[in-house]
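> using only what follows, build the 3D model:
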Amino acid sequence: MFLTVHASAGLFIGQTLHQPVWSFFCALGSHYLLDIIPHGDEGIGWWIHGRPKRIWWIGLVDLSAVFLLVMMFFHFRSTPNVWPFVWALIGALLPDFLSETNYQIRQARAPLHQFAQTINKIPFFDRFLYTHNTFHHRLHWLIKRHLPWRLGILFQFLLAGAFFMLALL
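Got it, this is the predicted structure:
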(Lines give C-alpha, C1' and ligand atoms only; values in the text may rest on other atoms or scores of the structure.)
Protein backbone atom coordinates (compact mmCIF):
# COMPACT_ATOMS: atom_id res chain seq x y z
CA MET A 1 0.00 0.00 0.00
CA PHE A 2 1.27 3.46 -0.77
CA LEU A 3 2.65 5.64 2.01
CA THR A 4 -0.11 8.17 1.39
CA VAL A 5 -2.75 5.73 2.66
CA HIS A 6 -0.70 4.84 5.72
CA ALA A 7 -0.03 8.53 6.44
CA SER A 8 -3.70 9.47 6.19
CA ALA A 9 -4.55 6.58 8.55
CA GLY A 10 -1.83 7.88 10.87
CA LEU A 11 -3.35 11.36 10.83
CA PHE A 12 -6.74 9.87 11.69
CA ILE A 13 -5.22 7.87 14.55
CA GLY A 14 -3.30 10.91 15.82
CA GLN A 15 -6.55 12.89 15.75
CA THR A 16 -8.46 10.17 17.58
CA LEU A 17 -5.86 9.29 20.21
CA HIS A 18 -4.23 12.09 22.12
CA GLN A 19 -1.34 10.13 23.64
CA PRO A 20 1.82 9.94 21.48
CA VAL A 21 2.75 6.41 22.61
CA TRP A 22 -0.71 5.02 21.87
CA SER A 23 -0.78 6.89 18.58
CA PHE A 24 2.53 5.34 17.56
CA PHE A 25 1.59 1.75 18.37
CA CYS A 26 -1.94 1.97 16.96
CA ALA A 27 -0.62 3.52 13.74
CA LEU A 28 2.07 0.84 13.55
CA GLY A 29 -0.61 -1.83 13.91
CA SER A 30 -2.80 -0.10 11.34
CA HIS A 31 0.03 -0.33 8.82
CA TYR A 32 0.16 -4.10 9.12
CA LEU A 33 -3.64 -4.45 9.07
CA LEU A 34 -3.98 -2.25 5.98
CA ASP A 35 -1.30 -4.23 4.18
CA ILE A 36 -3.35 -7.41 4.60
CA ILE A 37 -6.14 -5.87 2.47
CA PRO A 38 -5.57 -6.54 -1.24
CA HIS A 39 -4.58 -3.16 -2.65
CA GLY A 40 -3.42 -3.65 -6.23
CA ASP A 41 0.24 -2.70 -6.04
CA GLU A 42 1.50 -6.17 -5.10
CA GLY A 43 2.03 -7.10 -8.72
CA ILE A 44 3.71 -4.03 -10.18
CA GLY A 45 7.14 -5.58 -9.77
CA TRP A 46 7.02 -6.61 -13.44
CA TRP A 47 6.69 -2.93 -14.40
CA ILE A 48 9.59 -1.88 -12.18
CA HIS A 49 11.86 -4.87 -12.85
CA GLY A 50 15.00 -3.83 -14.66
CA ARG A 51 14.14 -0.14 -14.36
CA PRO A 52 15.06 0.96 -10.83
CA LYS A 53 14.38 4.62 -11.59
CA ARG A 54 10.67 3.84 -11.76
CA ILE A 55 10.53 2.88 -8.09
CA TRP A 56 12.34 6.09 -7.19
CA TRP A 57 9.79 8.14 -9.15
CA ILE A 58 6.90 6.30 -7.52
CA GLY A 59 8.50 6.92 -4.13
CA LEU A 60 9.08 10.59 -4.89
CA VAL A 61 5.46 11.10 -5.94
CA ASP A 62 4.23 9.13 -2.93
CA LEU A 63 6.39 11.06 -0.45
CA SER A 64 5.35 14.34 -2.07
CA ALA A 65 1.71 13.34 -1.65
CA VAL A 66 2.36 12.51 2.02
CA PHE A 67 4.00 15.90 2.53
CA LEU A 68 1.09 17.67 0.80
CA LEU A 69 -1.44 15.67 2.82
CA VAL A 70 0.23 16.56 6.13
CA MET A 71 0.52 20.24 5.16
CA MET A 72 -3.16 20.35 4.14
CA PHE A 73 -4.17 18.64 7.36
CA PHE A 74 -2.38 21.18 9.55
CA HIS A 75 -3.69 24.02 7.36
CA PHE A 76 -7.31 22.95 7.89
CA ARG A 77 -6.97 21.68 11.43
CA SER A 78 -5.23 23.58 14.18
CA THR A 79 -4.10 21.44 17.05
CA PRO A 80 -2.39 22.44 20.29
CA ASN A 81 -0.39 19.20 20.52
CA VAL A 82 1.34 17.89 17.39
CA TRP A 83 3.13 14.98 19.10
CA PRO A 84 0.32 12.41 18.67
CA PHE A 85 0.36 13.20 14.95
CA VAL A 86 4.14 13.06 14.67
CA TRP A 87 4.35 9.70 16.43
CA ALA A 88 1.34 8.31 14.55
CA LEU A 89 2.99 9.25 11.25
CA ILE A 90 6.25 7.62 12.32
CA GLY A 91 4.41 4.45 13.35
CA ALA A 92 2.33 4.38 10.18
CA LEU A 93 5.33 4.78 7.85
CA LEU A 94 8.02 2.89 9.75
CA PRO A 95 7.35 -0.65 8.41
CA ASP A 96 7.81 0.42 4.79
CA PHE A 97 11.02 2.31 5.61
CA LEU A 98 12.36 -0.74 7.46
CA SER A 99 11.51 -2.96 4.49
CA GLU A 100 13.15 -0.56 2.06
CA THR A 101 16.24 -0.34 4.27
CA ASN A 102 16.42 -4.14 4.28
CA TYR A 103 16.13 -4.20 0.49
CA GLN A 104 18.80 -1.55 0.00
CA ILE A 105 21.20 -3.31 2.37
CA ARG A 106 20.70 -6.62 0.55
CA GLN A 107 21.35 -4.92 -2.80
CA ALA A 108 24.31 -2.88 -1.44
CA ARG A 109 25.36 -1.16 -4.62
CA ALA A 110 28.20 1.37 -4.72
CA PRO A 111 26.64 4.41 -2.97
CA LEU A 112 25.01 2.29 -0.28
CA HIS A 113 27.78 -0.25 0.19
CA GLN A 114 29.45 1.67 3.04
CA PHE A 115 26.06 2.29 4.67
CA ALA A 116 25.23 -1.43 4.42
CA GLN A 117 28.53 -2.40 6.02
CA THR A 118 27.93 0.04 8.88
CA ILE A 119 24.37 -1.20 9.46
CA ASN A 120 25.52 -4.82 9.44
CA LYS A 121 27.88 -4.05 12.35
CA ILE A 122 24.96 -3.15 14.63
CA PRO A 123 24.26 -6.29 16.69
CA PHE A 124 21.03 -8.04 15.71
CA PHE A 125 19.88 -5.19 13.45
CA ASP A 126 20.50 -7.06 10.20
CA ARG A 127 18.57 -10.06 11.53
CA PHE A 128 15.78 -7.79 12.79
CA LEU A 129 15.46 -6.15 9.36
CA TYR A 130 15.37 -9.52 7.61
CA THR A 131 12.78 -10.95 10.03
CA HIS A 132 10.63 -7.83 9.83
CA ASN A 133 10.77 -7.82 6.04
CA THR A 134 9.73 -11.48 5.88
CA PHE A 135 6.78 -10.84 8.21
CA HIS A 136 5.78 -7.65 6.36
CA HIS A 137 5.99 -9.34 2.96
CA ARG A 138 3.88 -12.28 4.09
CA LEU A 139 1.11 -9.94 5.24
CA HIS A 140 0.81 -8.60 1.68
CA TRP A 141 0.16 -12.12 0.41
CA LEU A 142 -2.02 -13.37 3.29
CA ILE A 143 -5.13 -12.99 1.15
CA LYS A 144 -4.47 -14.79 -2.11
CA ARG A 145 -6.90 -12.80 -4.22
CA HIS A 146 -5.52 -9.47 -5.44
CA LEU A 147 -6.95 -6.45 -7.18
CA PRO A 148 -5.90 -5.42 -10.67
CA TRP A 149 -3.46 -2.54 -10.31
CA ARG A 150 -5.78 0.13 -11.77
CA LEU A 151 -8.59 -0.81 -9.40
CA GLY A 152 -6.05 -1.01 -6.57
CA ILE A 153 -4.80 2.53 -7.22
CA LEU A 154 -8.40 3.80 -7.20
CA PHE A 155 -9.10 1.87 -3.99
CA GLN A 156 -6.03 3.34 -2.31
CA PHE A 157 -6.92 6.85 -3.45
CA LEU A 158 -10.43 6.48 -2.00
CA LEU A 159 -9.12 4.93 1.22
CA ALA A 160 -6.58 7.74 1.71
CA GLY A 161 -9.33 10.30 1.08
CA ALA A 162 -11.66 8.61 3.56
CA PHE A 163 -9.01 8.54 6.30
CA PHE A 164 -8.09 12.14 5.57
CA MET A 165 -11.72 13.27 5.80
CA LEU A 166 -12.19 11.34 9.05
CA ALA A 167 -9.06 12.99 10.45
CA LEU A 168 -10.52 16.42 9.68
CA LEU A 169 -13.71 15.72 11.65
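> hey, let's count contacts and neighbours off CA atoms from now on
OK.
> so for His114, what's the pLDDT?
Careful, residue 114 is Gln; it's not His. You'll see Gln114 listed with a pLDDT of 71.
> distance check, it against Leu151.
Separation of Gln114 from Leu151 (Cα to Cα, to the nearest Å) stands at 40 Å.
> quick check: next helix or strand after the lowest-mean-pLDDT helix or strand in the chain?
Lowest mean confidence among the helices and strands of the chain (mean pLDDT, DSSP states H and E): helix 45-48, at a mean of 66. Per DSSP states H and E, helix 45-48 leads on to helix 52-76 as the next helix or strand towards the C-terminus.
> so what does that next one touch, helix or strand wise?
Contact here means 3 or more Cα pairs under 8 Å, 6 or more residues apart in numbering; DSSP states H and E; on that basis helix 52-76 packs against helix 3-16, helix 149-168.
> relative to helix 149-168, how tilted is the shortest one?
Interaxial angle, helix 3-16 versus helix 149-168 (axes from the mean of the first three to the mean of the last three Cα atoms, to 10 degrees): 20 degrees.
> check which element follows helix 3-16 along the chain.
Using DSSP H and E, the helix or strand that follows helix 3-16 towards the C-terminus is helix 20-36.
> how many other residues sit next to Gln157?
For the record, residue 157 is Phe, not Gln. Other residues near Phe157 come to 14 when the count uses other Cα atoms under 10 Å.
> now swap in Leu11 and tell me
Leu11 has 31 nearby residues by other Cα under 10 Å.
> verify the stated contact: it with Ala167.
Yes - between Leu11 and Ala167 there is a contact at 6.0 Å, judged by Cα atoms under 8 Å.
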